[in-house]
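Engineer: what follows is a protein structure lacking sequence information:
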């Protein structure tokens, strides 16, 4: 990954603070800007957010392993929404307005501090249903985000300024609504979460109804891809630590080896399937981008949950978890199937040709769910199915151009043959159309 080294032209890039004023106007960048890549600050931002993702995964493991799967999944969904939504808002804002000045960097670092506060409160949210630290961390991130939008409003005018003010006001209003998590009884918090999640996702739709922000398609696709890689990396790290601990504590290599191999195949297949298509070409309108961006809640959440499920499977295999083999297997197969299905909906179906290609991922997701009932071999079987899906998809994709080129070649040869035959027939027709006129010099 390369960083920007020269100051680009106005409205088309973000010059380094060392080469310009420490604080500059925050105006939109060009959507057709060439060579737009993620900045080092954005990569640092992602890495710090994964700390919170890891904490949510750890607590999900504890809940499922103690047979509190329903409660654990609900808490995981709520906490992960806060992490994902704050990450997504920053990502789209940065794609449109990153000017990389000192104030922009400081506010972004404040947002990073907020997610670390949120991460510190994840365990209390799961164990004692106390959301104070989670709310406080989320509030830090969202207030910082509102300040960025107010900077945009001060630097622009017209419809762009209106959109920035709508964003700032909407973000702050939602933050007040989230106070209900601190004052409502536990029975009402789930309904509050559902209502506030819908309201939060409506803020961008309302703010940009008159003028969309100038996000960069290739940059957005890269940012989402990088976060997917980081989450999958966290999944591998968590599963590796779990397998190592299981071997050290119980010397159960025979029981853990199928889980380790199957988990590795699942993660490798997940990476392959996600990145097999150049999705930035599909992000041509704000409507497509909104649906694609919002759908990644399930991509990120399921990718992180795969790692938690592998940890649960390891604990069950070593006797440390109080649940059945099928339940432990489902902790891996269900998020895997959700990942495959969501990636098909968001990515693959836009690039697949024909029924065979389109059916690979849906059928694979169904087969992965069926693997749940294979006992101690469930995870390995799911990994083999995922790997087979990659091989099948690659083969079908490679054969389609070959068939098309072969058919095109045969058609060209047929046309050439027809043209040649027609030329021969035309020549013969001209030569044999009647007797030649006698030459006046003859006879």
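Structural biologist: Arrived safely. Computed from a predicted model, the values in this text were never measured in an experiment.

Engineer: does residue 340 really touch residue 368, like I thought?
Structural biologist: Yes. Assessed by CB atoms under 8 Å, residue 340 is found in contact with residue 368 at 6.9 Å. Just so you know, the C-beta spots here come from the backbone N, C-alpha and C atoms, and that holds for glycine as well.

Engineer: joint contacts of the two?
Structural biologist: Here residue 340 and residue 368 share the contacting residues residue 386, scored by CB atoms under 8 Å, 6 or more residues apart in numbering.

Engineer: once you drop chain neighbours, what's closest to residue 75?
Structural biologist: Computed as CB to CB, 6 or more residues apart in numbering, the closest residue to residue 75 that is not its neighbour in sequence is residue 126, at 5.0 Å.

Engineer: buried ones in the helix or strand where that neighbour lies?
Structural biologist: Residue 126 belongs to helix 122-127 when assigned by DSSP states H and E. By neighbour count with 16 or more other CB atoms under 10 Å, helix 122-127 contains the buried residues 122-123, 125-126.

Engineer: which among those residues gets closest to residue 225?
Structural biologist: residue 122 (25.4 Å; CB to CB).

Engineer: and that closest one, what does it touch?
Structural biologist: Per CB under 8 Å, 6+ apart, neighbours of residue 122: 52, 55-56, 59, 79, 134.

Engineer: tell me the helices and strands packed up against the helix or strand where residue 295 lies.
Structural biologist: For residue 295, the host element (DSSP H and E) is helix 286-317. Packing partners of helix 286-317 (3 or more CB pairs under 8 Å, 6 or more residues apart in numbering; DSSP states H and E): helix 40-65, helix 69-97, helix 186-207, helix 217-250, helix 253-275, helix 325-346.

Engineer: pLDDT of that helix, averaged?
Structural biologist: Computed over helix 286-317, the mean pLDDT rounds to 90.

Engineer: how close does residue 398 get to residue 391?
Structural biologist: 11 Å (CB to CB, to the nearest Å).

Engineer: so where's the stretch 1-150 of the chain shaky on pLDDT?
Structural biologist: Filtered on pLDDT under 70, the stretch 1-150 of the chain yields the residue ranges 1-20.

Engineer: got it, and the stretch 251-400 of the chain?
Structural biologist: Checking the stretch 251-400 of the chain against pLDDT under 70 turns up nothing.

Engineer: one more time with 80, if that's ok
Structural biologist: Applying pLDDT under 80 to the stretch 251-400 of the chain picks out residues 251-255, 277-287, 320-321, 348-353, 399-400.

Engineer: quick one, what contacts residue 268?
Structural biologist: residue 387.

Engineer: cool, residue 178 as well?
Structural biologist: Residue 178 touches 135, 138-139, 196, counting by CB under 8 Å, 6+ apart.

Engineer: same thing with residue 98?
Structural biologist: 14, 29, 39, 42, 104.

Engineer: which helices and strands does the helix or strand encompassing residue 149 pack with?
Structural biologist: Per DSSP H and E: residue 149 is located in helix 132-155. In terms of contacts (3+ CB pairs under 8 Å, 6+ apart), helix 132-155 is packed against helix 69-97, helix 102-120, helix 122-127, helix 158-177, helix 180-183.

Engineer: how about these, which one is nearest residue 227?
Structural biologist: helix 69-97 (7.0 Å).

Engineer: quick check: angle from the closest one to helix 186-207?
Structural biologist: 20 degrees (axes from the mean of the first three to the mean of the last three CA atoms, to 10 degrees).

Engineer: just the buried residues of helix 69-97, please?
Structural biologist: 69, 72-73, 75-97.

Engineer: on that earlier part again, of the helices and strands packed on helix 286-317, which is nearest residue 305?
Structural biologist: Nearest to residue 305, of those and by CB to CB, is helix 325-346 at 3.8 Å.

Engineer: buried residues, that closest one. List them.
Structural biologist: 325, 327-346.

Engineer: is it true that residue 21 touches residue 99?
Structural biologist: No. In terms of CB under 8 Å, residue 21 does not count as a neighbour of residue 99; the distance is 10.3 Å.

Engineer: between the two, point out the one with more neighbours.
Structural biologist: The neighbour comparison of residue 21 against residue 99 (other CB atoms under 10 Å) goes to residue 99, with 22 against 10.

Engineer: the more buried one and residue 26 touch, don't they?
Structural biologist: Yes. Using CB under 8 Å, residue 99 and residue 26 qualify as a contacting pair, with a distance of 5.7 Å.

Engineer: circling back: ok, now how distant is the residue nearest to residue 75 from residue 242?
Structural biologist: 18 Å.

Engineer: could you do residue 284 as well?
Structural biologist: 42 Å.

Engineer: between these two, who's got more neighbours?
Structural biologist: The residue with more neighbours, out of residue 284 and residue 242, is residue 242; 26 against 10, by other CB under 10 Å.

Engineer: who's in contact with that one?
Structural biologist: 310-311, 314-315.

Engineer: coming back round to it: so which of the buried residues of helix 122-127 is the closest to residue 278?
Structural biologist: residue 122 (35.0 Å).

Engineer: number of nearby residues for the residue nearest to the closest one when sequence neighbours are not counted?
Structural biologist: Nearest non-adjacent residue to residue 122, counting by CB to CB, 6+ apart: residue 55, 4.1 Å away. Residue 55 has 21 neighbouring residues, counting by other CB under 10 Å.

Engineer: tell me how far residue 55 lies from residue 85.
Structural biologist: Separation of residue 55 from residue 85 (CB to CB): 17 Å.

Engineer: and what of residue 316?
Structural biologist: In terms of CB to CB, residue 316 sits 32 Å off from residue 85.

Engineer: likewise residue 331?
Structural biologist: Taking CB to CB as the measure, residue 331 falls 25 Å from residue 85.

Engineer: try residue 264
Structural biologist: 31 Å.

Engineer: again with residue 167
Structural biologist: On the measure of CB to CB, residue 167 and residue 85 end up 13 Å apart.
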